[in-house]
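*Asks:* quick check, what structure comes out for this input:
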Amino acid sequence: MCRLCDEGRPQPHWNARRGFLKATAAAATMAGAGGLALFAPRPALAAAEPRAPEGSGRRGVRYLIKGGAVMSMDPTVGDFVSADVLVEGKKILAVGPGLAAPGIPVIDARGRIVMPGFIDTHHHQFETALRAWLADGILINDGSNTPSGNQTYFEYILSRFAPVYRPQDVYINELFGGLSQLDHGVTTVHDISQIHHTPEHSDAVAQALFDTGRRAALGYFEGAGGTPGPAYAYPQDATRLKQKWFSSSDQLVSMTMGGEVYLGAPTYTQAWTLGRQLGLQVVAHILSPFGIRPIMDLLAQGKGGVNKDIGIGPDNLFVHFTGMSDLAWQRVKDVGAGISLAVPIEMNMRHGTPPILKMQSLGIEPSLSTDVECTMTADFFTQMRSMMTMQRMVVNQMILDPGFASDNWWPTPPAGTPRLLNTRDVLRYATMNGAKHLRLDGKVGSLTPGKEADILILDAQAINVAPLNHVPGAVVSLMDRGNVETVIVAGKVRKWKGRLLDADLTSLRQQLEASRDYIFSAAGIPQDLFNPN
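*Replies:* Okay, here's the model as predicted:
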């Protein structure tokens, strides 16, 4: 089972956790089955530290991350070719070269890059058991009678699979998906869990997020698909959830309020109003389909909802935001609402072109998100590379096109051409911007003394990176999950020397497979590994 630390978790819910694990285990049983000398040579493995610092993350326990190339993502702290990070308990005490810390454990980071953890502002973790099933599909059936047009997200994932989830399916999907992202360096997630069919389903989401042991925001959204049953309690159950699970602000897991405007004015009015009464961020998917644009225009004018008195505010976080009017965009800028972009999904599933150029024209920046693993990986290296490549492709073509018409095959960019994104831009989107959009920038997002220690140690001597010539470039353009050597959340080491700690992944995988088998069977969809259509 998953042997996770109880720190940062409301202790009264431990029995509930055991219940979810027991139910999931039962389901598994039933299923049956040369250049710049940036670094000194790294010592041999036998001489390296054998174990993670004992008691990491606990009050008063110190350790030193020493000799790494430190990319702080804080301009006031700066970057260092070789420096140290001193951690005490869950906080960063100091960042800089030559820190003296006699008598405490040392993590040797020579040949490594030390940076903040990635922050995912939009992920549907409950779909983990459906990974890659929709790899060829799009958002909604488009009438083309093609494989991509027929196998779609709304018709299958939300309308057929989601309604059959039991609380134990929710739990193991959330837990396994969270541990998987933690393994490749995503230390914070905003889990938009559109699986709240009953209060028991909601409790399963919350329990799994706490048990994963990383920072998270539970996005309390509707229960997707099907006909609501007698126990359906969205959105009013938000009050109970907040009181039961989120009464403290000093814990790893927090809460946001989902308020999809395409559900209709009565429902989103209730959700937005209740969310604001509870002091929660109000979050919604905003994209080209579903007739959302005129609704957003009303919200931009403060005339949304049943009584025409609801408007966009600084407490809003919008996902995708494709196909919206200048009126809505200007209001987002004026009030400082957040925009989360999931570029690979937006490009693959026909959400509309990711609006990064529009954001650049307004002087605002996105955070990054992974969206759905039924279609695309939740790996953040993919998110950063996709964002940078997409934007540069569009801008480069904007520059080339006028030259083709005038026989100038390599024109100078005309005035007003958007600036090409660089690796530091997308790293900022993946760290500090994510923290800002989840109201966590006072806690995480950068290696700043006083903030909590959410830290990655990345292997820069691996065969896919060496020799190291450019730290931001190496992270964005070369690295993958295999380079994520050590992951620290609130000072606690969760992955050490390439191995995720405190989790029996074999047992958890078997439970996830059993959940998958049940979900497919209950949904009446055959399992075919080579032709899911």
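*Asks:* can you map out the strands along the stretch 101-250 of the chain?
*Replies:* 106-108, 112-116, 118-123, 186-193, 215-220 (DSSP state E, counting those that start in this stretch).
*Asks:* the shortest one: which residues count as buried?
*Replies:* Okay, so that is strand 106-108. 107-108 (16 or more other C-beta atoms under 10 Å). Glycine gets a C-beta too; all of them are placed from N, C-alpha and C.
*Asks:* if we can go back for a sec, save the strands of the stretch 101-250 of the chain as TSV, and put in distance to V306 too.
*Replies:* Output for the strands of the stretch 101-250 of the chain, formatted as TSV (distance: least, C-beta to C-beta, whole Å):
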stretch	distance to V306
strand 106-108	55
strand 112-116	42
strand 118-123	27
strand 186-193	24
strand 215-220	21
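*Asks:* any chance of the ones you listed in CSV, with distance to N141 and mean pLDDT too?
*Replies:* As requested, the strands of the stretch 101-250 of the chain are exported to CSV (distance: least, C-beta to C-beta, whole Å; pLDDT from 0 to 100):
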stretch, distance to N141, mean pLDDT
strand 106-108, 52, 96
strand 112-116, 41, 98
strand 118-123, 23, 98
strand 186-193, 23, 97
strand 215-220, 26, 98
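*Asks:* how about the ones you listed, which one is nearest S340?
*Replies:* Minimum separation from S340 across the strands of the stretch 101-250 of the chain (C-beta to C-beta) falls at strand 118-123, 4.1 Å.
*Asks:* which residues does V283 bridge with?
*Replies:* G258, L317 (DSSP bridges).
*Asks:* show me what contacts it?
*Replies:* V283 sits next to 190, 192, 219, 221, 256-259, 316-319 when contact means C-beta atoms under 8 Å, 6 or more residues apart in numbering.
*Asks:* write the PyMOL selection for whichever of those residues are buried.
*Replies:* Of the contacts of V283, the buried ones go into a single PyMOL selection, burial set by 16+ other C-beta under 10 Å:
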select buried, resi 190+192+219+221+256+257+258+259+316+317+318+319
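*Asks:* from L287, how far off is P366?
*Replies:* 14 Å (C-beta to C-beta, to the nearest Å).
*Asks:* my error: substitute S180 in the last question.
*Replies:* Distance, S180 to L287, using C-beta to C-beta: 26 Å.
*Asks:* what's the answer for L134, then?
*Replies:* In terms of C-beta to C-beta, L134 sits 17 Å off from L287.
*Asks:* which one's more surrounded, these two?
*Replies:* Taking neighbours as other C-beta atoms under 10 Å, L134 and L287 compare with L134 leading, 25 against 22.
*Asks:* and for the closest residue to that one other than its chain neighbours, the neighbour number?
*Replies:* Distances taken as C-beta to C-beta, 6 or more residues apart in numbering put C374 closest to L134, at 4.3 Å, once the chain neighbours are dropped. For C374, the neighbour count with other C-beta under 10 Å is 21.
*Asks:* identify the residues contacting C374.
*Replies:* 127, 130-135, 153, 157.
*Asks:* could you give me the ChimeraX selection string for whichever of those residues are buried?
*Replies:* The buried residues among the contacts of C374 can be selected in ChimeraX (16+ other C-beta under 10 Å) with this line:
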select :127,130,131,133,134,153,157
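*Asks:* ok, then the element right after the helix ranked longest in the chain?
*Replies:* Longest helix of the chain, by residue count under DSSP state H: helix 380-406. Downstream of helix 380-406, the next assigned helix or strand under DSSP states H and E is helix 423-430.
*Asks:* what angle separates that next one from strand 112-116?
*Replies:* Angle of helix 423-430 versus strand 112-116, following axes from the mean of the first three to the mean of the last three C-alpha atoms, to 10 degrees, is 50 degrees.
*Asks:* could you tell me the angle between helix 423-430 and helix 380-406?
*Replies:* 130 degrees.
*Asks:* by how many degrees do helix 423-430 and strand 186-193 diverge?
*Replies:* 50 degrees.
*Asks:* tell me how far M432 lies from P366.
*Replies:* Counting by C-beta to C-beta - M432 and P366 are separated by 12 Å.
*Asks:* the bottom helix or strand of this protein by mean pLDDT?
*Replies:* Lowest by mean pLDDT, DSSP states H and E among the helices and strands of the chain is helix 14-31, with a mean of 47.
*Asks:* for whichever helix or strand comes after that one, C-alpha coordinates in PDB please.
*Replies:* Next in sequence after helix 14-31, counting helices and strands by DSSP H and E, comes strand 62-71. Presented in PDB, the C-alpha positions along strand 62-71 are these (Å, rounded to 0.1, in the frame of the first residue of the first chain):
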ATOM      1  CA  ARG A  62      18.000  20.900   8.500                       C
ATOM      2  CA  TYR A  63      19.800  19.800   5.400                       C
ATOM      3  CA  LEU A  64      21.900  21.400   2.700                       C
ATOM      4  CA  ILE A  65      21.600  21.000  -1.000                       C
ATOM      5  CA  LYS A  66      25.200  21.700  -2.100                       C
ATOM      6  CA  GLY A  67      27.100  22.600  -5.200                       C
ATOM      7  CA  GLY A  68      24.300  22.600  -7.900                       C
ATOM      8  CA  ALA A  69      23.600  25.000 -10.700                       C
ATOM      9  CA  VAL A  70      20.800  26.900  -8.900                       C
ATOM     10  CA  MET A  71      18.000  28.500 -11.000                       C
END
